[in-house]
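K.L.:
Need a 3D model of the sequence below.
(one chain, ligands or ions: 3)
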Amino acid sequence: MDPTRAWELWQKVRHQKPLVQCITNFVSMDIMANTLLAAGASPAMAHSAQEVEDFSKLASALLVNVGTLTPDWTDGMQLAAKAAKQNGKPWVLDPVGAGATPFRTKVIMDLVKLQPTMIRGNASEIMAVAGAAVQTRGVDTSAEVSDALQHAQQLARDLGCIVAVSGAVDKVTDGKRTLSVRNGVEMLTYITAAGCSVTALAAAFISAEPEDPLFATAAALSIFGLSAELGALGSGPGSLRVGMMDKLFNMTWHEAAGQGTTWQSQGLHITEDAL
Ligand SMILES: Nc1ncnc2c1ncn2[C@@H]1O[C@H](COP(=O)(O)OP(=O)(O)O)[C@@H](O)[C@H]1O
Ligand SMILES: Cc1ncsc1CCOP(=O)(O)O
Ligand SMILES: [Mg+2]
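P.N.:
Ligands and ions are numbered 1, 2, ... in the order given. Predicted structure coming up:
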């Protein structure tokens, strides 16, 4: 696909500066908020059941992430998702560690019933949400994207939502069409909360392109991945975090289009899979 559309959507996000209401885990709060800010959105981390419904009126999108789950957070998650639906705001779910424990899986499946606009997880998380047999290790994947693809497509059809499976090549599907995103670096798997952050970025992108959440999700994954490619300084996860954040802030059109970089970057790389 021509990178122009993803780039223009990004500029729309920057122009609109959507407020993304984030109910997320303690590990990810900092990097997620900074990812949203660097890319041009506006984060607000607010999880109390006392205020999530009021926040929903202000926000352009909601992210729910179950990473560091405790029972006192689940009411806020449910209320926020219901309020987003009622207010016509997109909401996205990051089912961190789905399948790892019965408590976590039950909370996730109850949230899934509230019709998220998009679910993004790694391969084993998406397989667990789809009810497939998978041995979840924790929050990192124990499966390959190829193992999860058919489950993701079925899940998307069953729920009528977008499902994204991240990994070396990300797959984003509505159950009929599937997009592949070939951006990112393997070193991202050594940065905690990279997946959490890209899910939040997708919420921002979907709010700016609500009529095409499939493409908006792929665009967010592609931009996040390319920022990591261009920002990787080569020495390790610490510098990748910094370099990636800088590229989310200052990536140029030439870099997005894969032109004029000093190495072999192809730029934003989204393709549609053959049926
Ligand atoms: N092997 C890889 N090569 C390139 N990019 C990757 C790889 N694994 C994950 N990514 C990227 O890292 C980000 C987080 O994905 P992932 O590690 O699958 O999620 P999680 O952190 O939730 O387990 C995504 O943008 C994804 O595209
Ligand atoms: C390490 C950890 N533990 C609970 S949540 C969390 C962060 C997971 O982030 P990600 O799924 O993006 O790697
Ligand atoms: Mg994750």
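K.L.:
all contacts plus neighbour counts: C-alpha atoms, from now on.
P.N.:
OK.
K.L.:
could you dump stretch 43-56 to PDB, C-alpha only?
P.N.:
Output of stretch 43-56 as PDB, limited to C-alpha atoms (Å, rounded to 0.1, in the frame of the first residue of the first chain):
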ATOM      1  CA  PRO A  43      -3.000  10.500  27.200                       C
ATOM      2  CA  ALA A  44      -5.000  10.400  30.400                       C
ATOM      3  CA  MET A  45      -4.500   7.500  32.700                       C
ATOM      4  CA  ALA A  46      -7.600   7.200  34.900                       C
ATOM      5  CA  HIS A  47      -9.000   4.000  36.200                       C
ATOM      6  CA  SER A  48     -11.200   4.800  39.100                       C
ATOM      7  CA  ALA A  49     -14.800   3.500  38.800                       C
ATOM      8  CA  GLN A  50     -15.800   6.900  40.300                       C
ATOM      9  CA  GLU A  51     -14.700   8.900  37.300                       C
ATOM     10  CA  VAL A  52     -14.300   6.700  34.200                       C
ATOM     11  CA  GLU A  53     -17.800   7.500  32.900                       C
ATOM     12  CA  ASP A  54     -17.200  11.200  33.200                       C
ATOM     13  CA  PHE A  55     -13.900  10.800  31.400                       C
ATOM     14  CA  SER A  56     -15.600   9.000  28.600                       C
END
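K.L.:
now what about that stretch, what contacts it?
P.N.:
19-24, 29, 33, 36-37, 62, 73, 75-77, 79-80, 83-84, 87, 89 (CA atoms under 8 Å, 6 or more residues apart in numbering).
K.L.:
Just the buried positions in that stretch, please.
P.N.:
43, 44, 45, 46, 47, 48, 49, 52, 53, 55, 56 (16 or more other CA atoms under 10 Å).
K.L.:
Now it: average pLDDT?
P.N.:
For stretch 43-56, mean pLDDT is 97.
K.L.:
if you look at the buried residues of stretch 43-56, which of them are in helices?
P.N.:
Counting by DSSP state H, the part of the buried residues of stretch 43-56 found in helices is 52, 53, 55, 56.
K.L.:
re the thing from before, can you tell me which of the contacts of stretch 43-56 end up in strands?
P.N.:
19, 20, 21, 22, 23, 62 (DSSP state E).
K.L.:
need the residues of the stretch 1-150 of the chain near ligand 1, please.
P.N.:
121, 122, 140, 141 (CA under 6 Å from any ligand atom).
K.L.:
and if you look at the stretch 151-275 of the chain?
P.N.:
166-168, 170, 184-186, 188-189, 193-196, 198, 221, 224-225.
K.L.:
List buried residues within those.
P.N.:
166-168, 170, 184-185, 188-189, 193-196, 198, 221, 224-225.
K.L.:
Among these, which are located in helices?
P.N.:
Judged by DSSP H, the subset of those located in helices is 194, 195, 196, 198, 221, 224, 225.
K.L.:
Out of those residues, which comes closest to residue 150?
P.N.:
When these are ranked by distance to residue 150 (CA to CA), residue 221 comes first, at 19.7 Å.
K.L.:
burial count for residue 60?
P.N.:
25 (other CA atoms under 10 Å).
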